[in-house]
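S.K.: Let's see this in three dimensions:
(chains A and B)
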Amino acid sequence: MFLSAEFRAREQVVQAVRDLTAQGFVRDRLDLYSDEPVEMPAGVLPRRSYMSLGAVTGAVLLLLLTIGFVYFTQYNYPLVTGAMPIFSFWATGVIFYELTMLGAILTTFCWFLWESGVLRRKRRGPVPELKDGAILLRVECEGNQGETANRVLREAGAESVQELRA
Amino acid sequence: MAAISEPVVANAARAQLWRPLLHTSARYRMVVALLAAVTLWGLFAWGYQLKTGIGVAGIRRPVFWAIYLVNFVFWIGISHAGTLISAILRLTDAGWRKPVTRAAEAITVFALMIGGMFPIIHLGRAWLFYWLFPYPTERLLWPNFRSPLLWDVTAISTYLTGSTIYLFLPLIPDVAALARHTTGWRRRVYRALSVGWTGSDREWHALEFAMKLMAGIILAVAVSVHTVVAWDFSMSIAPMWHSSIFGPYFVAGAIFSGIAALLIAMAVIRRTLHLEAYLTEHHFNNLSKLLLLMSLLWFYFTVAENLTAWYGNEPKEMAVFGARVRGPFAPYFWAMVICNFVVPFVLLGIRRLRTIRTATIASVCVLIGMWLERYLIIVPTLSYGRLAATWGKYAPTWVEISISAATFTTMALLYLIFAKLFPIIAIWEFETEVMEVSSVS
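M.R.: You can find the predicted model right below:
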């Protein structure tokens, strides 16, 4: 079951998240929805990201592929050169650099799509409809947690609490 | 000048910033029609060149690189607007950049698209451009990986990919909001572009992280792109080209012209879309100071470049230097110095004179000056080569002039269409700033 609570102030949301976690709600099951980014104090609803690691991995991967490709083209040429490469390897540094960067760019973009969850619509459950200026807190409840969540949210200052249906 | 913009109520801001998207005036249609007409004329000229052959351009031995390459370098330079304003200021957390960034990022993408076309136009047989891509042909012919032309292809493709993503990422929340508030085809388009954005904190977190990461990457790419463009020249042992300073000289010039283009775009947007409350004198003041700084840097590089050539007194270099400074190219050279240094120094250096109007005038001068600079780098060196017997003159034909003029109208056209389809100010970033300003006050 999913509950959605509407708040108007950031402080109320912070309080609600703190109270819910104190009641045993897992942070991964709490989601905020808003028109603009809501900055939370350190430790409240932290979100980890491995995007930079992904970007470096993508960069290294494309660099290795480029090196392999350039090396291959040095020798795969219909000309008798006595097994000598057709061109100098080091003069292609610019190509390596640019394609390394391209690897980082493309990986960052793909990582963003994956990490943000925008493409994983089915897995993320029902989504509350955004309202101008409102901050919506969605709580995923298990068993009989719904009642507790409802009470905590209202005590923290929620204007309304609704059950979300898929 | 005002120190800070007035806080604006977020919803009112949104309504005002969305208004140009939903209402089209007769004047807008007229301007678009005019720009489209010139663009079509340019396309006709290119079509004529494709049909008749590259001979219809004024390119003759020894001047085999001319206006097409001038335009290429010029537009790639303009594309640095987005990088500097958006990436550097994002990395340094400069709050005032927020209403300016999207306008800058859009310039980058469109200028790159236009600039990237010129090597293809210059090829003559443009339909064979795909030979530049490394793919195994039936003859096992690979492109020359050591050729700066191929470096250009890789650098510009990377930069264009990165810039497009960099423009697209912060657009997502805005198009998602637009999808909720529009109907019909707009709703469908915005919904598709919003890639399922719901506004969750995970999405915001990933977006902000991706933007910071992309800012760092795109900065490194931007510097390399114009350095590679500079190496197109400096890797050849031609007089006044074979210079180690060319890389940073080109990068500085690119950022300089990029800021000028951004200032002009902002002034036009501010006036036509009535965004006086968002693009304030504060933004123009800050950008004017940056433009002034880059003008001084450009002057320093120009002096350093020309002084060493003059002091070295190498005959082949002196022939080009003389042609530029006191020969047939002298009017262009001194016009360039006036446009790039004297005008910005006077109009922006004296505080009392620094207004939105003078900043726009100075920016127009800088664009003219930078175009002339690119012309003076390319044409005199080729006209006065190492062998005096091969010296020759260059004059552009109507085909080259038409295509060049069309690039400016294409840029304006793309920009107008973009401003009609998407908010030119990143609303979610701006609202965050408004909230911050309100809470401080």
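S.K.: Next, the contact list for the residue of the stretch 251-400 of chain B found nearest chain A, please.
M.R.: Chain A sits closest to residue B:251 of the stretch 251-400 of chain B, with a gap of 14.8 Å, by C-beta to the nearest C-beta. (C-beta placed from N, C-alpha, C; glycine too.) Applying C-beta atoms under 8 Å, 6 or more residues apart in numbering or on different chains, one finds that residue B:251 lies in contact with B:80, B:223, B:226, B:227, B:230.
S.K.: Can you classify it as helix, strand or coil?
M.R.: Assigned by DSSP: H, G, I helix; E, B strand; the rest coil, the conformation of residue B:251 is helix.
S.K.: So what touches stretch A:116-134?
M.R.: A:2, A:4, A:6-8, A:33-35, A:113-114, A:136, A:138, A:140, A:159, A:162, A:164-166, B:10-11, B:14, B:172, B:177, B:180, B:195-200, B:202-203, B:205-207.
S.K.: again, 6 Å this time
M.R.: Contacts to stretch A:116-134, defined as C-beta atoms under 6 Å, 6 or more residues apart in numbering or on different chains, come from residues A:2, A:4, A:6, A:33, A:35, A:113, A:136, A:138, A:164, A:166, B:11, B:195-199, B:202-203, B:206.
S.K.: which parts of chain B sit against chain A?
M.R.: Residues of chain B that fall close to chain A, judged by C-beta under 6 Å from any C-beta of the partner chain: B:11, B:140, B:142, B:145-146, B:151, B:154-155, B:158, B:161-162, B:165, B:195-206, B:209-210, B:213-214, B:217, B:221, B:228, B:428, B:431-432.
S.K.: Contact residues of chain A facing chain B?
M.R.: Going by C-beta under 6 Å from any C-beta, the residues of chain A near chain B are A:31-34, A:36-37, A:47, A:49, A:51-52, A:55, A:70, A:73, A:78, A:87, A:91-92, A:94-95, A:98, A:101-102, A:104-105, A:108-109, A:112, A:115-118, A:121, A:127, A:130, A:132.
S.K.: among those residues, which are in strands?
M.R.: A:31, A:32, A:33 (DSSP state E).
S.K.: Near the nearest residue to the first one once chain neighbours are set aside, how many residues? Count them for me, please.
M.R.: If you skip the residues right next to it in sequence, residue A:31 has residue A:138 as its closest partner in space, 4.5 Å away by C-beta to C-beta, 6 or more residues apart in numbering or on different chains. Burial measure for residue A:138: 22 neighbouring residues, criterion other C-beta atoms under 10 Å in any protein chain shown.
S.K.: swap in residue B:234?
M.R.: Using other C-beta under 10 Å, residue B:234 has 20 neighbouring residues.
S.K.: Quick one: residues contacting it.
M.R.: Neighbour list for residue B:234: B:241, B:242, B:243, B:246 [criterion: C-beta under 6 Å, 6+ apart].
S.K.: Make a PyMOL selection of the buried ones in the ones in strands among the residues of chain A next to chain B.
M.R.: Buried members of those, defined by 16 or more other C-beta atoms under 10 Å in any protein chain shown, are picked up in PyMOL with:
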select buried, chain A and resi 31+32+33
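S.K.: Of the ones in strands among the residues of chain A next to chain B, just say which sits nearest to chain B.
M.R.: Among these, residue A:32 lies closest to chain B (C-beta to the nearest C-beta), at 3.9 Å.
S.K.: Would you confirm that that closest one contacts residue B:201?
M.R.: Yes: counting by C-beta atoms under 6 Å, residue B:201 is a contact partner of residue A:32 at 3.9 Å.
S.K.: Select from the residues of chain B next to chain A every entry located in helices.
M.R.: Counting by DSSP state H, those place B:11, B:151, B:154-155, B:158, B:161-162, B:165, B:201-206, B:209-210, B:213-214, B:217, B:221, B:228, B:428, B:431-432 in helices.
S.K.: What subset of these is buried?
M.R.: Buried subset of these (neighbour count, 16+ other C-beta under 10 Å): B:151, B:154-155, B:158, B:161-162, B:165, B:201-206, B:209-210, B:213-214, B:217, B:221, B:228, B:428, B:431-432.
S.K.: Please identify the buried residues of the worst-scoring helix or strand of chain A on mean pLDDT?
M.R.: Here the helix or strand of chain A ranked lowest by mean pLDDT, DSSP states H and E is strand A:160-164, holding a mean of 86. By neighbour count on 16+ other C-beta under 10 Å, the buried set for strand A:160-164 is A:161, A:164.
S.K.: just the CA coordinates of that strand, formatted as CSV?
M.R.: Extracted C-alpha coordinates of strand A:160-164, given in CSV (Å, rounded to 0.1, in the frame of the first residue of the first chain):
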residue,chain,number,x,y,z
SER,A,160,-3.8,15.8,3.4
VAL,A,161,-2.9,12.1,3.3
GLN,A,162,-4.3,9.9,0.5
GLU,A,163,-3.9,6.3,-0.5
LEU,A,164,-2.4,5.9,-3.9
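S.K.: Give me the sheet partners of it and which way each runs.
M.R.: The pairing partners recorded for strand A:160-164 under DSSP bridges are strand A:2-7 (antiparallel).
S.K.: circling back: highest neighbour count among the contacts of residue B:251?
M.R.: Highest neighbour count within the contacts of residue B:251, by other C-beta under 10 Å: residue B:80, with 32 neighbours.
S.K.: Surely that one and residue B:255 touch.
M.R.: Yes: taking C-beta under 6 Å as the contact criterion, residue B:80 and residue B:255 are neighbours in contact, 5.0 Å apart.
S.K.: now the helices for the stretch 251-400 of chain B?
M.R.: Along the stretch 251-400 of chain B, the stretches classed as helices by DSSP state H, counting those that start in this stretch are B:281-312, B:315-325, B:330-337, B:343-349, B:356-383, B:398-421.
S.K.: which residue sits closest to residue B:61, ignoring its sequence neighbours?
M.R.: Using C-beta to C-beta, 6+ apart, the closest residue to residue B:61 is residue B:392 (6.7 Å).
S.K.: Phi and psi next, for the one you found.
M.R.: phi -160, psi 170 (degrees, to the nearest 10).
S.K.: Quick check: pLDDT value at it.
M.R.: pLDDT for residue B:392: 88.
S.K.: Now do the same for stretch B:352-368: mean pLDDT, whole number.
M.R.: Mean pLDDT, stretch B:352-368: 95.
S.K.: could you point out where chain A is predicted with low confidence?
M.R.: A:121-123, A:166 (pLDDT under 70).
S.K.: residue nearest the centroid of chain B?
M.R.: Taking C-alpha atoms, centre = their mean as the criterion, residue B:78 is the residue nearest the geometric centre of chain B, at 1.9 Å.
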